[in-house]
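Participant: just a sequence and a predicted model for now, questions to come.
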Amino acid sequence: MATTRSLDLRIEHFPYHKPFRISGHVFAETAVLLARITHGEHSGCGEAAGVYYLNDDAAHMLAEAESVRAAIEAGATRADLQSLLPPGGARNAIDCALWALEAQQTGRPVWQLAGIDPPRPLLSTLTLGAEAPEAMAAAATAIDPLAPVKVKLTGDLDLDCARVAAIRAARPTAWIGVDANQGYDRATLERLLPVLLAHDIAQLEQPLRRGDEASLDGLVRPLPFVADESALCLADTDGLVGRFDLVNIKLDKCGGLTEALAIARRARELGLGVMVGNMMGTSLAMAPSFIVGQFCDVVDLDGPTFLARDRTPCVTYARGHIDCAPSVWEFANRS
């Protein structure tokens, strides 16, 4: 390939409507790395928010992306990128930019390049940040009534039980899943599970800390367990069998659409369910995840709904579903 590519990298900040609370963290904005690769008249963009619990912040992503500038501008491919950078936000932004560039150059949509069927709108959860039970119940009634509900827990057993009860009372027929973000240990988890069952909770995401997966051995899972922090990349996938029922794929964790598709396929081979999530971000970050979502049992792509402003064009949310036009990412023209 001719060495006429250019790589543009920038950090952009997107504030939230209001602070968002999960176990151990409160977020007021998302800082993203925007990567744009231009080759002749074509260009492709990718966005990454990084992985906060791995210290993969904006400065780290930018430094990693700069370290491969020469290789990218010399024509490195998506396959080359897998060995040039480790999983994480920098690889995600550049990988997605390469997918979009290829779509521009070939005139073929990304779904076709990936060998999947044309994308369809996807039922997507809307997430409730961890607040007082009555505030979360009110929030549950304010969101799209057709959307599944994802609830953040904090590891405070009594408070989490009150949160679950209040939200179920407010939304008696809704699909509700909970996300502990590593907030529990084996003993408190065993006390939480009967409460989740009593309130018809559909799934429990990441109950224990990454690295403590062995504590799940021998535990009867009365509802599906979802691996998030325990499943960063493809190399983690095989070890989930017997401890989890689904894997939550996030492009910022695994380093882009290329590896995300590989995880989805490997999970299916292992008999695991597949979920797609996000580390927040704009519609530009949701668009490649929307491609992964075509494989998934559960979709959680609500990141832009937390933002005070989004990019244009953007994904749409209606009647519980997310939809993403090609103009959002793969055929977008961005300054």
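Facilitator: Great, that's in hand. Residues are numbered from 1 along each chain as shown.
Participant: low-confidence ranges in this structure?
Facilitator: 1-3, 333-335 (pLDDT under 70).
Participant: and the gap between the residue most central in space within it and residue 81?
Facilitator: Most central in the chain under Cα atoms, centre = their mean is residue 278, positioned 1.8 Å from the mean C-alpha point. The gap separating residue 278 from residue 81 is 21 Å, by Cβ to Cβ, to the nearest Å. Every C-beta, even on glycine, is put in place using the N, C-alpha and C of the backbone.
Participant: with residue 204 instead?
Facilitator: On the measure of Cβ to Cβ, residue 204 and residue 81 end up 34 Å apart.
Participant: isn't residue 236 up against residue 230?
Facilitator: Yes - counting by Cβ atoms under 8 Å, residue 236 does reach residue 230; the two are 6.8 Å apart.
Participant: quick one: which of the two has more around it?
Facilitator: The neighbour comparison of residue 236 against residue 230 (other Cβ atoms under 10 Å) goes to residue 230, with 24 against 19.
Participant: mind naming the longest strand for this structure?
Facilitator: When the chain is parsed with DSSP state E, its longest strand is strand 5-22.
Participant: identify the residues contacting that one?
Facilitator: Contacts with strand 5-22, where a contact means Cβ atoms under 8 Å, 6 or more residues apart in numbering, come from 26-39, 58, 62, 65-66, 69, 72-75, 94, 129-131, 152, 154, 179, 181, 281-282, 306-310.
Participant: one more time with 6 Å, if that's ok
Facilitator: 26-32, 34-39, 58, 65, 69, 72-73, 129-130, 152, 181, 306-308 (Cβ atoms under 6 Å, 6 or more residues apart in numbering).
Participant: tell me the helix or strand right after that strand.
Facilitator: As assigned by DSSP states H and E, the chain's next helix or strand after strand 5-22 is strand 25-39.
Participant: count residues in the vicinity of residue 286, would you?
Facilitator: Quick note: residue 286 (other Cβ under 10 Å) scores 27 neighbours.
Participant: let me see the backbone angles for it.
Facilitator: In terms of degrees, to the nearest 10, the main-chain angles of residue 286 are phi -70, psi -30.
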